[in-house]
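A.B. asks: Sharing a model prediction with you, sequence too.
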Amino acid sequence: MSRDENKLLIDVKDLRVSFDTYAGEVQAVRGVSFYVNKGEALAIVGESGCGKSVTAQSTMQLIPMPPGRIKEGSVMFNGKDLTKFTDKQMESVRGSEISMIFQDPMTSLNPTMKVGKQIMEGLIKHQKMSKQDAKQKAIEMLDVVGIPNPEKRVEQYPHEFSGGMRQRAMIAIALACNPKLLIADEPTTALDVTIQAQILDLMKDLQKDFDTAIILITHDLGVVADMAQRIVVMYAGVVIESGTLDEIFYDGQHPYTWGLLKSVPRLDTQGKQKLYPIEGTPPDLFSPPKGCPFAARCEYAMPICREEMPEKTHLSKDHFVKCWLQHEMAPDVENPIKKGRE
Amino acid sequence: MAELSKDKFIIEGKESSEAEAIVRPSLTYWADAWRRLKSNKMAIIAMTILIIITLAAIFAPIFSSYDYRTGDLLKTNLKPSSEHWFGTDELGRDLYVRVWEGTRISLFIGIVVALLNFTIGVLYGGISGYIGGSVDNLMMRFVDILFSIPYLIWVIMLTTVLGSGLFTIIIALSIAGWGGMARLVRGQVLQLKEMEYVMAAKTLGADAGRIITKHLIPNTIGVIIISITFAVPTAIFSEAFLSFIGLGIPVPNPSLGSLSNDGTRMLLLEPYQLVFPALVISAVMLSFQIFGDGLRDALDPRLRQ
Amino acid sequence: MSEKKLEGRKNIIEVNNLKKHFKVGKGQILKAVDGVTFSIREGETLGLVGESGCGKSTTGRAMIRLYEATEGEVIFDGMNIQRLNRKELKNFTKQAQMIFQDPYASLNPRMTVGDIIGEGMDIHGLRKGKERMAKIYELLEIVGLNREHASRFPHEFSGGQRQRIGIARALSVEPKFIVCDEPISALDVSIQAQVVNLLEELQEEMGLTYLFIAHDLSMVKHISDRIAVMYLGAVMELTTSKVLYDEPLHPYTQALLSAIPIPDPEVERSRNRIILEGDVPSPINPPEGCKFQKRCKYVKDICREKAPELREVKPEHFVACHIVK
């Protein structure tokens, strides 16, 4: 699904977010733009500290301010700029039109409140449901997310749920008001693999059934291969590549994207394969490098990379990359992820 | 982009040193805490007041020509003047000297009691938490029992045995006070000893002494300091209360409590006799509370970014 | 990298019917490890995988005596580690080390990185003064950091860097055997490869033996020579990593393998997942008979009655399942 003004749900433009710390300003997000169409699943991929969570949280004004602040940019949601919303206006958007699920289901549920009640809260607040109706809906939602005995479970507290169940309950809360957009911030990182498979399966089904758009934030490209239609790759607070699922996986052009793909061992390959880690650590955004932020860790770094940030190069309708290798003067480099497949 | 030349497009690869560099200035725990404390204006004002009061308590009686014990019966109940800054009491003693002498005794009691609480509490709580199990259970039940007896009863009991005085008050307040510190330290130790770095030390062959001194205490010290900061005013206030009801420091030694007690008797005639000790005691209490709050914000790791 | 030749090497550590039970109040007993038997050969990496609560970390900790075993024995280099006296135990800690899971909790926040790495040398009195600092610098460089980092504090480092500091600490006493307790679970995938490659290089250079605990099977497959799959305190399957992935026999192993996402959209689209129903049951009051019966789709009557033994169905391939012939 490429950009279509009629189907556009959220359109983030040139978002800049900074945090003020003892050492000075940390520029966590440095001019990020992306969009999500209605009913589409977009993945934002990158290492921890690349600004992917801050980006998502800023769209909902969920970052603590201070020390955080949105310096620039707009978040157009259904034609309205969320960055200009007051707290009160945001409250009516959160939970009803945009919902969020987090990495740790343990800390994102209120331990002193029955699970059912936590689902009902949003329904009563946003949809003005009566208590009876809300409870009925809560039971229905628990059933939808695959929790057995929902009539009994609705009366239980979070500690009576296992980790996977809690994440399901979180999803039930998030989807109760039928939001148009669900932001999932590393939803399966804290879960076991068999439970991760269950939750991803569930999210895929719900996306279809409810026609909810999803922004999936993750550091694991494996999770993305099964879920997303489009991918945004972030590094050091900027988008360095973006494209459809297949464009990124089979025709990715940025060395960082290559690194992400090559550093993961694959179960389905024979024999012992060598891992190619991305050496080093992402730059501290307290003083972001002048040129391309990945240059210090890039095998293909050139003098120009350390001097100037590369511009966007469009490769297709959806696919763009910011890398000096695309420049006409740059040497030809064999694409290692293409090579591996032939 | 005309100035781009071909030689800028030669692949030279990554520089490993660059990729692992740390650019932020190094900051130790204490430097970080001090930075945070400094940014808290109220806490700094409170700290300054405390320093001034402490200095006054130490030096004012020394540099004054009056003695806090001997009065001039011709000059009783004088109002504050250039000669007697805080006036004199009904026995003609200079109140300025007596207030600071009283502050000195009060601060002394507060600090000694807090340090005793600290020493006993850290040892007891540390051992109890570190050993754990049934030993911990037994040691903590003992604290519970001790704690269930109000300190007033300790004071009365000890006064009958030891007689009233500074020593009795310090002992009584310490007996009643160290349990809180012990509980706090035990809780911290129980939590910290499950941390992976403690396990790592055990794996490296560290003995109990090393684990306690190198790993457990340094990581509880912040909480302990905060607790001491709050223990000092509590002890001062307890002493003041005891002196106020006549169970405290015997005459002619002043304390902020007994001075206030004397002041109340003259309240309608000579209100200044209550005002000065009351002001000092309020300033000390308030400053310790605000300073303690600031210290907690500065030292508590949960608030660290 | 070629497959290592492991036949004929002697066992460095043997675990015989190891049990570790915890009292959890009200007379209930949590059977974290319930009769586990395996051995690791010198220079080998044994992978130990399973979901949370399966007892894999407890097994690892009991193997270096961070926990006292409830039953069974651990034989290291011919000595029963449960019976060591104080001095022997201290000596044992020089030979068996551990790398921890949480890069944030495993380094003392009040110590400098230099002191953290030097602690093992201080405890055993191995090196002092200049020699000690030289060794610390050397270790820092081995793990890909530099000597300026020695005076820094842990909170100034990223997760991957901290994990490498943890590795340097373990190496400081020059051990033979290292328990790697989920050393990569808390790291980003791109950083995981750094740590895994480092562990492999160190093994090759120093001849180390690893027990590699993880829940991520793709990394375990990569690093391990043999793999043991655990479920609720028992080993379900144990074989070489190649065989385990090519022909997994236990239904649980099959489900576990199927649950791992593969970073390839085409493969994912055509893949048929085995999605396991339900959650891992609690190790308090585990089911009688086979521990996996509640989630197994092949379950038969015998599975509910009798716990299957771990038996060798093919050479070097052990399975605990009544269904597997």
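C.D. replies: Everything's here; your move. In this text, all values refer to a predicted model and were calculated from it rather than measured experimentally.

A.B. asks: Okay, and A:M170 sits in which element?
C.D. replies: Assigned by DSSP states H and E, A:M170 belongs to helix A:163-175.

A.B. asks: From the chain's centroid, how far away is that helix?
C.D. replies: 17 Å (CA atoms, centre = their mean, to the nearest Å).

A.B. asks: Quick check: mean pLDDT of that helix?
C.D. replies: Here helix A:163-175 scores 84 as its mean pLDDT.

A.B. asks: Also stretch C:56-66?
C.D. replies: The model assigns stretch C:56-66 a mean pLDDT of 92.

A.B. asks: Stretch C:81-96 now?
C.D. replies: Mean predicted lDDT for stretch C:81-96 stands at 90.

A.B. asks: Ok, stretch A:136-147 next?
C.D. replies: 86.

A.B. asks: Tell me the buried residues in it?
C.D. replies: Buried residues in stretch A:136-147, defined by neighbour count with 16 or more other CB atoms under 10 Å in any protein chain shown: A:137-139, A:141-147. C-beta here means a position set from N, CA and C on the backbone, and glycine is covered the same way.

A.B. asks: need the residues of the stretch 151-300 of chain C near chain A, please.
C.D. replies: C:158-161, C:188-194, C:196-197, C:215-219, C:221-222, C:242, C:245, C:255-265, C:267-268, C:273, C:275-276, C:279-280 (CB under 8 Å from any CB of the partner chain).

A.B. asks: possible to save the buried residues of stretch A:136-147 as a markdown table with secondary structure?
C.D. replies: Output for the buried residues of stretch A:136-147, formatted as a markdown table (DSSP: H, G, I helix; E, B strand; the rest coil):
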| residue | secondary structure |
| --- | --- |
| A:K137 | helix |
| A:A138 | helix |
| A:I139 | helix |
| A:M141 | helix |
| A:L142 | helix |
| A:D143 | helix |
| A:V144 | helix |
| A:V145 | coil |
| A:G146 | coil |
| A:I147 | coil |
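
A.B. asks: Which secondary structure element is home to A:I124?
C.D. replies: Applying DSSP H and E as the criterion places A:I124 in helix A:115-126.

A.B. asks: Could you tell me the angle between that helix and helix A:163-175?
C.D. replies: Counting by axes from the mean of the first three to the mean of the last three CA atoms, to 10 degrees, helix A:115-126 lies at 10 degrees to helix A:163-175.

A.B. asks: residues in contact with helix A:115-126?
C.D. replies: With contacts defined as CB atoms under 8 Å, 6 or more residues apart in numbering or on different chains, helix A:115-126 is touched by A:92, A:95-96, A:109-110, A:129, A:131, A:133-135, A:137-139, A:141-142, A:153-158, A:161, A:169, A:172-173, A:176-177.

A.B. asks: Report the helix or strand with the lowest average pLDDT across chain C.
C.D. replies: helix C:265-270 (a mean of 82; mean pLDDT, DSSP states H and E).

A.B. asks: downstream neighbour of that one in the secondary structure list?
C.D. replies: helix C:301-305.

A.B. asks: if I pick B:I58, what's in contact with it?
C.D. replies: Applying CB under 8 Å, 6+ apart to B:I58 gives the contacts B:R104.

A.B. asks: Sort out which residues of the helix or strand hosting it are buried, please.
C.D. replies: Here B:I58 sits within helix B:41-63, counting by DSSP H and E. Applying a neighbour-count criterion of 16+ other CB under 10 Å, one finds B:43, B:46-47, B:49-50, B:53, B:56-57, B:60-61 buried in helix B:41-63.

A.B. asks: before we move on, what about stretch B:66-79?
C.D. replies: B:66, B:68, B:71, B:78.

A.B. asks: how about the strands in chain A?
C.D. replies: A:8-21, A:24-37, A:41-45, A:68-77, A:80-81, A:98-101, A:181-185, A:213-218, A:230-235, A:238-244, A:312-314, A:320-322 (DSSP state E).

A.B. asks: Any chance of TSV for the ones you listed, columns mean pLDDT?
C.D. replies: Below are the strands of chain A laid out as TSV (pLDDT from 0 to 100):
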stretch	mean pLDDT
strand A:8-21	89
strand A:24-37	90
strand A:41-45	93
strand A:68-77	88
strand A:80-81	88
strand A:98-101	88
strand A:181-185	91
strand A:213-218	92
strand A:230-235	94
strand A:238-244	93
strand A:312-314	89
strand A:320-322	92
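
A.B. asks: Quick one: name whatever helix or strand follows the longest helix seen in chain C.
C.D. replies: Longest helix in chain C by number of residues (criterion: DSSP state H): helix C:189-206. The C-terminal neighbour of helix C:189-206 among helices and strands, as given by DSSP H and E, is strand C:209-214.

A.B. asks: So which other helices or strands are in contact with that next one?
C.D. replies: strand C:11-23, strand C:29-41, strand C:45-49, helix C:56-63, strand C:177-181, helix C:189-206, helix C:217-223 (3 or more CB pairs under 8 Å, 6 or more residues apart in numbering or on different chains; DSSP states H and E).

A.B. asks: What pairs with the first one, parallel or antiparallel?
C.D. replies: Each strand that pairs with strand C:11-23, with its direction, by DSSP bridges: strand C:29-41 (antiparallel), strand C:71-76 (antiparallel).

A.B. asks: Run through the residues that contact B:V189.
C.D. replies: B:V189 neighbours (CB under 8 Å, 6+ apart): B:125-126, B:128-130, B:216, B:220.

A.B. asks: Which of those residues sits closest to chain A?
C.D. replies: B:T220 (24.1 Å; CB to the nearest CB).

A.B. asks: quick one, which of the strands paired with strand C:11-23 is packed in tightest?
C.D. replies: Most buried of the strands paired with strand C:11-23, by mean neighbour count (mean count of other CB atoms under 10 Å in any protein chain shown): strand C:29-41, with a mean of 20.

A.B. asks: Could you tell me how far it lies from the centre of the chain?
C.D. replies: Chain-centre distance of strand C:29-41: 12 Å, with CA atoms, centre = their mean.

A.B. asks: swap in stretch A:90-108?
C.D. replies: 13 Å.

A.B. asks: before we move on, what about stretch C:36-52?
C.D. replies: On CA atoms, centre = their mean, the centre of stretch C:36-52 falls 7 Å from the chain's centre.
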